[in-house]
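Novice: Provided below for reference: sequence and predicted model.
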Amino acid sequence: MSVKRSLPAGIEKYAESPLFTAGKVPESLQKLHSTKVGTYARLIVTAGEVQYFLVGEKTPVTTIKVGDEFIILPAEEHYVQVTDDAEFFLEFCR
């Protein structure tokens, strides 16, 4: 399954994460977590693939590939799984 999302009008980037590589993805991103209320995140993949899961789901909502991005909704409980060659970063928006 693949889900396409976009940022609402007026939402702008205010911060950016470092580039995460497969061996250096924080454990906290690979466990259930969420963004803050009112904060969106744009997940941008620069190598490999990132699978995005919602709380309680066994199959990914989407798989984000090189050149793709995915919008994480405010306070949405989720986690990611990455391929061995994955590289990605997050842009935080509000």
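Specialist: Yep, it's here.
Novice: residue ranges for the helices of this structure, please.
Specialist: Listed in chain order, the helices of the chain (DSSP state H) span 27-30.
Novice: Residue ranges in it under the pLDDT threshold?
Specialist: 1-2 (pLDDT under 70).
Novice: how about the strands in it?
Specialist: 13-16, 20-21, 40-47, 49-54, 62-65, 69-72, 78-82, 87-93 (DSSP state E).
Novice: do you know which of those lies nearest Q30?
Specialist: Q30 sits nearest to strand 78-82 of all the strands of the chain, at 5.8 Å, using C-beta to C-beta. C-beta here means a position set from N, CA and C on the backbone, and glycine is covered the same way.
Novice: Report all helices and strands that the closest one contacts.
Specialist: helix 27-30, strand 49-54 (3 or more C-beta pairs under 8 Å, 6 or more residues apart in numbering; DSSP states H and E).
Novice: Residue most distant from the centroid, the chain?
Specialist: G10 (20.3 Å; C-alpha atoms, centre = their mean).
Novice: That residue and Y79: what is the separation?
Specialist: Distance, G10 to Y79, by C-beta to C-beta, to the nearest Å: 28 Å.
Novice: In contact with F89, which residues are there?
Specialist: By C-beta atoms under 8 Å, 6 or more residues apart in numbering, the contact set of F89 is E16, S17, P18, L19, F20, L43, I44, T46.
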